[in-house]
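Chemist: my questions concern the predicted model and sequence given below.
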Amino acid sequence: MIIVMKPHAPEEAVKQVASLIEKHGLETHLSQGRQVTIIGVVGDKNKLCCDNIQLLPYVDKLIPVTESYKLSNKKFHPEATRIKVKDLEIGPDTLTVMAGPCAVEGEEQLMSVAKAVKKAGAQILRGGAYKPRTSPYSFQGLEEEGLRYMAEAGKETGLATICEVISTQSMEAAAKYVDMIQIGARNMQNFQLLREAGRSGLPVMLKRGLSATIDEWLNAAEYIISEGNPNVILCERGIRTYETATRNTLDISAVPVIKSKSHLPIFVDPSHATGVQAYVSPLAKAAVACGADGLMIEVHNDPEHALSDGPQSLTFPIFDALMQDLDKYVALAGRKM
């Protein structure tokens, strides 16, 4: 349930309503707009006498929230969330580009990619130190050694950094080296890991599961936010369908759907969605055109010899050309990059 206060309700009136709710053992979450304050109520609303709340001064109306996700719900938080990562602000006014190799393969390799994507205009360096692969015989990542290389590359270039975590131990290690953590598609419903991410204190990128519905995805985000971490970014990375021409099928409609259902920023990962280098740039442009807040793109210094996801990785010249092309789309979308 949400309680909508009357325009310009004084702070004392808002506190009175919140205090009444909390006395019944429920949680309150305030969303303060320019004119109207909304109080989100989380818990068993049957403990409240809704008629009494309606009679309080400055209460405008009560609106039931039927969705199982509350804190990630746009009804609770009508204004788009803005997330700070180092000196960056991720949100509705900007387009943020994360770029880098699927896997950190070595110090020299990562540094060369970091400098190239920085020069092209990316703001965040992505790189996998822990690689949950389909086959146990595939390259599994450099783990903490890779995290150290990420920290060094971030310090050298000034880029913010993000790395996927796959366990509590990897999360604890990542927190020492990177600026953001990523929960990958395979772990979208690893509920214990989601709770730990909520307690990490770091911004979290939550990728959509391979076969997850949008409501399941938003409920996964709820686990993170409910632990006190509101800094969640969603990432559409393609879902599994009957189509075999691409690695996955990019659900581009997820962008406007999320915008209608949630206040959280949404990124698109056209690299994992397609698995094909030639398709990445067109879908990156489509993502910006339909309202994505950012992109996550794989870039490699030598895709033909990459230890992970070489076929979908962009070369430096292709990435540079894409970034130049994106300027036009960003301007049309009324954003800055």
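Modeler: Perfect, I can see it now.

Chemist: how close does Thr157 sit to Leu314?
Modeler: Separation of Thr157 from Leu314 (C-beta to C-beta, to the nearest Å) stands at 18 Å. (Each C-beta comes from the backbone N, C-alpha and C, glycine too.)

Chemist: again with Ala245
Modeler: Distance, Ala245 to Leu314, by C-beta to C-beta: 19 Å.

Chemist: that older thread, between Thr157 and Leu314, tell me which one has more neighbours.
Modeler: Leu314 (25 against 19; other C-beta atoms under 10 Å).

Chemist: flag the shaky bits of the protein, pLDDT-wise.
Modeler: Scanning the chain for pLDDT under 70 picks out 49-51.

Chemist: where is the longest helix in it?
Modeler: Once the chain is assigned using DSSP state H, the helix that runs over the most residues is helix 316-332.

Chemist: give the buried residues for that helix.
Modeler: Applying a neighbour-count criterion of 16 or more other C-beta atoms under 10 Å, one finds Phe316, Ile318, Phe319, Asp320, Leu322, Met323, Leu326, Tyr329, Val330 buried in helix 316-332.

Chemist: pretty sure the second one contacts Ala278?
Modeler: No: at 9.2 Å, Ile318 and Ala278 do not qualify as touching, with contact defined as C-beta atoms under 8 Å.

Chemist: separation between the residue located most distally from the centre of the chain and Glu298?
Modeler: Of all residues in the chain, Leu55 has its C-alpha farthest from the mean position, at 39.2 Å, by C-alpha atoms, centre = their mean. The gap separating Leu55 from Glu298 is 57 Å, by C-beta to C-beta.

Chemist: ok, back up a step: which of the buried residues of helix 316-332 lies closest to Ile225?
Modeler: Val330 (28.3 Å; C-beta to C-beta).

Chemist: which residues sit in contact with the closest one?
Modeler: Neighbouring residues of Val330 by C-beta atoms under 8 Å, 6 or more residues apart in numbering: Leu95, Val288, Lys336, Met337.

Chemist: same question for Ile124.
Modeler: Ile124 makes contacts with Val85, Leu88, Thr96, Val97, Met98, Ala99, Leu159, Ala160, Thr161, Ile162, Asp179, Met180, as judged by C-beta under 8 Å, 6+ apart.

Chemist: distance of the last one relative to Ala18?
Modeler: Summarising the geometry, the distance separating Met180 from Ala18, computed by C-beta to C-beta, is 31 Å.
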